[in-house]
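Engineer: Next one to model:
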Amino acid sequence: MPWNECKPMDERLRFIARLLEGEKMAPLCREFGISRVTGYKIFDRYKDSGLDGLNDRSRAPYRQANKLPFQIERTILGIKKQHPTWGARKIRDKLLRQYRMLKPPAISTVHAALDRNGLVTPKKRRRHKAQGTTLIGANSPNGLWCADYKGEFMLGNHEYCYPLTISDYRSRYLITCEGLPSTRSDFAFSIFERAFKDFGLPHAIRTDNGVPFASGNALFGLTKLSVWWLRLGIQLQRIKPGHPEQNGRHERMHLTLKKEATKPAAFNFLQQQERFDDFIGVYNHERPHQALGGACPGDLYTPSPRIYERPGEPEYPYHDRAVRVTRCGRICIGRRKINLSSVFAGQTIGIREVDDQIWLVSFLEYDLGYFDQERDRVEPGPSPFMPDKLLTMCPEQGVNHVTG
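Structural biologist: Model (predicted):
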């Protein structure tokens, strides 16, 4: 098969297959146009992880329910103001008596609107919500990692390369730069898992709002990748759309990467990855960094003490029950199938009745939304991730501050 018809995973598989057939490393590396260091690295990864992560998986988007029209929400809030002790059910009945021409909103939708506006009094048994991680952790290595895709570019064999990069915020250490054929999340899972195994877990990860880090169609913009991070105890940080300067340190590294490792581009993925690996070595251990007082990132960075381990099943001692979400993103209770989101497929969530036949759905310490006995979907509550309160860095002053 000619090179221009190969994908990067196909190239690695062909390379490994010929090694397993008994061919020598040195001549095989010359034929593929890579160094023996890169050849042994590919072979070591195969021996460590096998073919895990190479299979395609469905990433069908989940369509979120329509937002409640602001006129109806304003009317709901007005009724609540007149009758402070009324719950969602009574307010909905009052709404239907006054405006018979309206399509009736679900009780859970009314309850979610009240919650968004701070008009729901939590019951005593409601557990304390965990506070989000502050940027204090970024004063030391692994307090915050930054991740992004450097803009795609074309290789010599006319394949597009999408470099996924991860760096440490405090030390500016470049943890990985991996050339990928697309931004699909199954590739990203493999790269992040390798980084976690090699460097441990960070306290938080900052990204933009693009795939596979975030999704405009899913609940709170979550993806399977970000849900996995939450399971590992990693806090989410997202920059505001259209504000790449909020990830300025990482973007500045991309400029250097572009000049020194992509112009001109290599012929194929293996050769381009060798350039990336060489760049990582120079960037981390040879290139003095002005913002670090002339030190190199490798002089400051140390791996995280938080070891990567597969997370155990979450427990919900303060909820009525724990339920595993189906592969299609539904909560099954008896014969009922309640739509949540496919990004939670296979995850265990907690359910608790918070009002008369209104149930709260939680994932870990995050309250996601509500459902009732009438509508078979979860109505999103207030965002538990507070995207308007992300901690960012001021590019002009070089200090940490809160945006909002």
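
Engineer: and the residue positioned nearest the centre of the chain, what is it in contact with?
Structural biologist: Per C-alpha atoms, centre = their mean, the C-alpha nearest to the average position across the chain is that of Ser226, at 2.6 Å. For Ser226, the contact set (C-beta atoms under 8 Å, 6 or more residues apart in numbering) comprises 213-214, 236, 343. Bear in mind the C-beta positions are built from the backbone N, C-alpha and C, glycine included.

Engineer: ditto for Met154
Structural biologist: 160-161, 265.

Engineer: pretty sure Asp299 is in a strand, no?
Structural biologist: No: if the criterion is DSSP: H, G, I helix; E, B strand; the rest coil, then Asp299 is helix and not within a strand.

Engineer: what about the nearest residue to it once chain neighbours are set aside, distance to Gly248?
Structural biologist: In this structure, Asp299 finds its nearest non-sequential neighbour in Leu292, 7.6 Å apart by C-beta to C-beta, 6 or more residues apart in numbering. Applying C-beta to C-beta, to the nearest Å, the value for Leu292 to Gly248 is 15 Å.

Engineer: picking that back up, between the contacts of Ser226, which is nearest Asp93?
Structural biologist: Using C-beta to C-beta, Val343 comes nearest to Asp93 of the contacts of Ser226, at 34.1 Å.

Engineer: For Ala17, see how far away the closest one is.
Structural biologist: Taking C-beta to C-beta, one finds Val343 at 35 Å from Ala17.

Engineer: neighbours of Ala291, just the number please.
Structural biologist: For Ala291, the count of nearby residues is 10 (other C-beta atoms under 10 Å).

Engineer: Are any of the contacts of Ser226 buried, and if so which?
Structural biologist: 213-214, 236, 343 (16 or more other C-beta atoms under 10 Å).

Engineer: from these, which ones fall inside strands?
Structural biologist: When DSSP state E is applied, those are split such that Leu236 fall in strands.

Engineer: Tell me where the model's unsure across this protein.
Structural biologist: Counting by pLDDT under 70, the chain shows low-confidence ranges at 1-9, 49-68, 70, 101-102, 104, 121-138, 386-404.

Engineer: In it, which helix is the longest?
Structural biologist: Longest helix of the chain, by residue count under DSSP state H: helix 269-285.

Engineer: mind listing what's buried in that one?
Structural biologist: Quick answer for helix 269-285 (16+ other C-beta under 10 Å): 269-277, 279-280, 283-284.

Engineer: Now find how far off-centre the host helix or strand of Gly369 is within its chain.
Structural biologist: Secondary structure from DSSP states H and E places Gly369 in strand 366-372. Remark: strand 366-372 is offset 20 Å from the chain centroid, using C-alpha atoms, centre = their mean, to the nearest Å.

Engineer: Return the member of the contacts of Ser226 nearest to Ala88.
Structural biologist: Val343 (26.4 Å).
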